[in-house]
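Visitor: Sequence first, then the predicted structure:
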Number of protein chains: 2
Amino acid sequence: MKLSIAVLFMTLASSVNSFNMVQTSPVRQATSLASATATTGVKRNKNFAKLAGGYLFPEIGRRRNAYLEKNPDANIISLGIGDTTQPIPSAILKGLVDGAAALGTKEGYSGYGAEQGKAPLRERISEVLYNGLIDPSEVFVSDGAKCDIQRIQNMFGPDVTSAVQDPSYPVYVDTSVMMGQTQELDEGKGQYDGIVYMECNEENGFFPDVAASPRADVVYICSPNNPTGVAATRAQLEQTVKTCKERGSILVFDAAYAPFIRSPDVPKSIFEIEGAKDCAIEVNSFSKYAGFTGVRLGWTVVPEGLKFSDGTPVRQDFNRVMTTSFNGASNIVQAGGLACLSDEGMKEIDNLIDYYLENAGILRKTFTELGYRVYGGTDAPYIFISLDGKSSWDTFSEILEKAEVVTIPGAGFGPGGEGFLRLSAFVPREGVIEACERLKKTMKR
Amino acid sequence: MKLSIAVLFMTLASSVNSFNMVQTSPVRQATSLASATATTGVKRNKNFAKLAGGYLFPEIGRRRNAYLEKNPDANIISLGIGDTTQPIPSAILKGLVDGAAALGTKEGYSGYGAEQGKAPLRERISEVLYNGLIDPSEVFVSDGAKCDIQRIQNMFGPDVTSAVQDPSYPVYVDTSVMMGQTQELDEGKGQYDGIVYMECNEENGFFPDVAASPRADVVYICSPNNPTGVAATRAQLEQTVKTCKERGSILVFDAAYAPFIRSPDVPKSIFEIEGAKDCAIEVNSFSKYAGFTGVRLGWTVVPEGLKFSDGTPVRQDFNRVMTTSFNGASNIVQAGGLACLSDEGMKEIDNLIDYYLENAGILRKTFTELGYRVYGGTDAPYIFISLDGKSSWDTFSEILEKAEVVTIPGAGFGPGGEGFLRLSAFVPREGVIEACERLKKTMKR
């Protein structure tokens, strides 16, 4: 006897109901959940116990929501998480819509694609974004840079040492801790033992001297930087590549904000630096290019010749991670990625970036006029404001309460971020103007 | 001076060109890539060195392509990888298309969503697929079951022991090895030391006696099973839950093929079994429900009360993985998921499943009539054929060469799969009919 799914879900429903009969009362269920039987004999991963607090951005969201609960009529403006706000422009949108619609036809339907991404997209990334310097076979298309950083960590495993800029995007450190590359958090320093923190401060232009830091196997550099908004110069990157090559380190270069670079000689890719193919992996994303933060599309470049100390190609192991624990980016989304890399799509991206950079300019101007030292915001969507040593979490709370504006405390990006505040230019124009009006009052010195 | 992106890519292009000048000749580049400088001082992750061969399905693809290169006119039919082939039906398609189109409007645009998935989708999964037995807060929406298995492994870390059905979906074992939960491959046995292989064979109806196997921290059970196509009975699952609870093991239940279950008393979810919320995590996927293999959408249920031995809720650590190293499933795809769970969408899914089950019936009938012992294919899209001890890789090659049909050798799923062949019902009807005509000749006994 063949039953329909609907009928079977009813069957499931009725068996579920009969199960519910046993523990109808919510109290009883709660008791059952809290009972000793729910505590298994499986030891918690000891590396997770090392993690201090939750991941930064959900914590910001939690504090924002807590404020909203107390002040339900609050008109909050977010200059917090770097989340795009502008609709996807028409040529790129058409790529996404057509990509979806095609799945309803016999000719256009596609199931599993290559885990590394569709060949035409890998080719276009190679051609349009790297001018052919990178071979399509070196490009791995993914669902985003954050996810790729975890996959890179899975590839490296627990036995490597890692170096990060301080402050930096928290995912590098958190995933290092989760993978077991570190010891415990030194609460006094706010740093994990076993990670090399490369100081970024006003004196060194927020770019670390890698050669002056202890050697690490893996060196994470983000440029344009999150959170400081500072883009590394060609000379800085040349020096970094030189040091990594001399030391036999692998440089993981996060270029997710590359499209914001407008200064002519600032490299948009690490592969513009001679020798980088011998030491670097590049992580990138369509999120900030094309407003794809919710759409999910990124890529990682692993040069063919890059090898571990035993001669195994790094690409071989990264390919193993991609094929074994990933199943490709969504086919619809990859169609959107192809549309991004058309001539029309690239123009649309250019306009989107213009818009956010103009927002950044408004934020820069406001805080400069208020007498703050302001960094970033010219080749990046973030501006980084010195609070002259004042606590960044206190300032975050003060601004949230007095101006109803969400910012990100620099300390959320590591101890080196203390005393700074990150503002994001990803906000509609009217929001940035209104936020600046409010901040002029709250942040007046 | 503000430059457009297009101009900047030209700038990049010219700098790339000048870089290319240094190593114009492809030969020189190849030499450079192969040079000693490209070998870094970073040790390869020792766990990757343990892995035997590549991931199964790319290996199948490689062999298929090698055959095609030698025989470019071959008309190959694939009964190999379980990849959906039928277009997405209209109500579900509309969800995807509308989800994409909305991103072009101010009102419909969305950026980052909750990493755990959109609230309405988590609610619909709870209501429609679990009849409310599972709370929406226990549902984590993702880009697929394969990816979730890796994330579950990242949560458990290297210090747990794992048990798998033998044969089983290769991702459980491969990710265990990659995470460092195992020792080396015992080449004689074809098994990794440190993993508990729970034998599934014709005698035990392809379902293991967990209680008769050594205890493991984490027990992976897939039902309906891949590759055997056998769905576990209620009694078998009750016994498994009982054993896991007694032993303090966590059961990871992979229900990706649940919609194929048509036998009335076969559970579609582990949470139909009393006590499962005290010991089980369930992984699931829209891939096979709605032809979303390329679209990418899945979910994992982690009950609130499930705890590690130190009392830490498992959900807390899984949430840390999801927020730190994942950024949510695509918003477009989640809109498609919501459409799947509408009344109309559920009917469409029902029809799709009917279609594939009819294919499975045709395959079953063909091989039964040829005199083979045939398993699965009634509550699952796979049928598993006994070759009476004959090598499954040899049979795979023979069928590829003589019938130009791609199958999957049982040995690809672990040593327990040797002597069996997996056939997939995910193929257009005309393909399954033609394949059966050819196989009747090749596989005649």
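Guide: Received the coordinates, thanks.
Visitor: so where do the strands sit in the stretch 101-250 of chain A?
Guide: A:139-142, A:162-166, A:185-186, A:191-192, A:195-199, A:218-222, A:250-254 (DSSP state E, counting those that start in this stretch).
Visitor: between those strands, which gets nearest to chain B?
Guide: strand A:250-254 (5.1 Å; C-beta to the nearest C-beta). Backbone N, C-alpha and C define where each C-beta goes, glycine included.
Visitor: So what touches the closest one?
Guide: For strand A:250-254, contacts defined as C-beta atoms under 8 Å, 6 or more residues apart in numbering or on different chains pick out A:145, A:149, A:152, A:169, A:172, A:217-223, A:226, A:240-241, A:244, A:269-270, A:276, A:279-284, A:306, A:314, B:40, B:42.
Visitor: Same check on stretch A:428-445?
Guide: Outside stretch A:428-445, the residues within contact range by C-beta under 8 Å, 6+ apart are A:77-79, A:85-86, A:355, A:358-359, A:362-363, A:366-367, A:370-372, A:398-399, A:402-405, A:425, A:427.
Visitor: Within reach of chain B, which of those are there?
Guide: Among the contacts of stretch A:428-445, proximity to chain B is found for A:85-86 (C-beta under 8 Å from any C-beta of the partner chain).
Visitor: Can you list which of the contacts of stretch A:428-445 are found in helices?
Guide: Mapping these onto helices (DSSP state H) picks out A:355, A:358-359, A:362-363, A:366-367, A:398-399, A:402-403.
Visitor: Reformat those as a markdown table; add pLDDT.
Guide: Listed next are these as a markdown table, based on pLDDT from 0 to 100:
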| residue | pLDDT |
| --- | --- |
| A:Tyr355 | 97 |
| A:Glu358 | 98 |
| A:Asn359 | 98 |
| A:Ile362 | 98 |
| A:Leu363 | 98 |
| A:Thr366 | 98 |
| A:Phe367 | 97 |
| A:Glu398 | 96 |
| A:Ile399 | 96 |
| A:Lys402 | 96 |
| A:Ala403 | 97 |
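Visitor: Make JSON lines out of those residues and add neighbour count and distance to A:Ile349.
Guide: As requested, the ones in helices among the contacts of stretch A:428-445 are exported to JSON lines (neighbours: other C-beta atoms under 10 Å in any protein chain shown; distance: C-beta to C-beta, whole Å):
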{"residue": "A:Tyr355", "neighbour count": "16", "distance to A:Ile349": "11"}
{"residue": "A:Glu358", "neighbour count": "13", "distance to A:Ile349": "15"}
{"residue": "A:Asn359", "neighbour count": "27", "distance to A:Ile349": "16"}
{"residue": "A:Ile362", "neighbour count": "18", "distance to A:Ile349": "21"}
{"residue": "A:Leu363", "neighbour count": "25", "distance to A:Ile349": "21"}
{"residue": "A:Thr366", "neighbour count": "22", "distance to A:Ile349": "26"}
{"residue": "A:Phe367", "neighbour count": "23", "distance to A:Ile349": "27"}
{"residue": "A:Glu398", "neighbour count": "15", "distance to A:Ile349": "36"}
{"residue": "A:Ile399", "neighbour count": "22", "distance to A:Ile349": "31"}
{"residue": "A:Lys402", "neighbour count": "13", "distance to A:Ile349": "36"}
{"residue": "A:Ala403", "neighbour count": "20", "distance to A:Ile349": "32"}
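Visitor: Any idea which residue is closest to the centre of chain A?
Guide: Nearest to the mean C-alpha position of chain A, counting by C-alpha atoms, centre = their mean, stands A:Lys146 at 4.5 Å.
Visitor: Touching, it and A:Asp174? I think so.
Guide: No. The criterion here is C-beta atoms under 8 Å, and A:Lys146 misses it with A:Asp174 at 10.3 Å.
Visitor: lowest-pLDDT helix or strand in chain A?
Guide: For chain A, scoring each helix and strand by mean pLDDT, DSSP states H and E identifies helix A:26-34 as the least confident one, at a mean of 33.
Visitor: so where does A:Ile48 fall, helix or strand?
Guide: Not Ile; residue A:48 is Phe. helix A:46-50 (DSSP states H and E).
Visitor: Pull the residues that contact that helix.
Guide: The contact list for helix A:46-50 (C-beta under 8 Å, 6+ apart) reads A:177-180, A:182-185, A:192, B:155, B:157, B:159, B:312, B:317, B:320.
Visitor: Next secondary structure after it?
Guide: Helix A:46-50 is succeeded, C-terminally, by helix A:56-70 (DSSP H and E).
Visitor: for A:Leu376, what are its contacts?
Guide: Just so we're on the same page, residue A:376 is Gly rather than Leu. Here A:Gly376 is in contact with A:224-225, A:228-230, A:360, A:382-384 (C-beta under 8 Å, 6+ apart).
Visitor: Give me the spatial nearest neighbour of it, chain neighbours excluded.
Guide: Excluding the flanking residues, the one nearest A:Gly376 by C-beta to C-beta, 6 or more residues apart in numbering or on different chains is A:Gly229, at 1.6 Å.
Visitor: Tell me if I'm right that that neighbour and A:Val374 touch.
Guide: No. In this structure, A:Gly229 is not within contact of A:Val374 by C-beta under 8 Å, at 9.1 Å.
Visitor: quick one: which of those two has more around it?
Guide: More neighbours surround A:Gly229 than the other of A:Gly229 and A:Val374, with 28 against 20 (other C-beta atoms under 10 Å in any protein chain shown).
Visitor: show me what contacts the more buried one?
Guide: A:360, A:375-377, A:379-384, A:422.
Visitor: where are the low-confidence patches of chain A?
Guide: For chain A, the stretches flagged by pLDDT under 70 are A:1-37.
Visitor: Domain-wise, how is it divided?
Guide: Following automatic domain parsing, one gets these domains for chain A: A:50-87+A:345-442, A:90-342.
Visitor: Next, the closest residue to A:Asn154 other than its chain neighbours: phi, psi?
Guide: With sequence-adjacent residues excluded and distances taken as C-beta to C-beta, 6+ apart, A:Asn154 is closest to A:Val321, at 5.4 Å. Phi and psi for A:Val321, reported as degrees, to the nearest 10, are phi -60, psi -50.
Visitor: hmm, back to that, could I get the strands of the stretch 101-250 of chain A in CSV, plus columns for mean neighbour count?
Guide: Converted to CSV, these look like this (neighbours: other C-beta atoms under 10 Å in any protein chain shown):
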stretch, mean neighbour count
strand A:139-142, 26
strand A:162-166, 27
strand A:185-186, 14
strand A:191-192, 20
strand A:195-199, 21
strand A:218-222, 26
strand A:250-254, 27
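Visitor: Need those in JSON lines (columns: distance to B:Ala256).
Guide: What follows is the strands of the stretch 101-250 of chain A, written out as JSON lines (distance: least, C-beta to C-beta, whole Å):
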{"stretch": "strand A:139-142", "distance to B:Ala256": "22"}
{"stretch": "strand A:162-166", "distance to B:Ala256": "34"}
{"stretch": "strand A:185-186", "distance to B:Ala256": "38"}
{"stretch": "strand A:191-192", "distance to B:Ala256": "37"}
{"stretch": "strand A:195-199", "distance to B:Ala256": "37"}
{"stretch": "strand A:218-222", "distance to B:Ala256": "34"}
{"stretch": "strand A:250-254", "distance to B:Ala256": "33"}
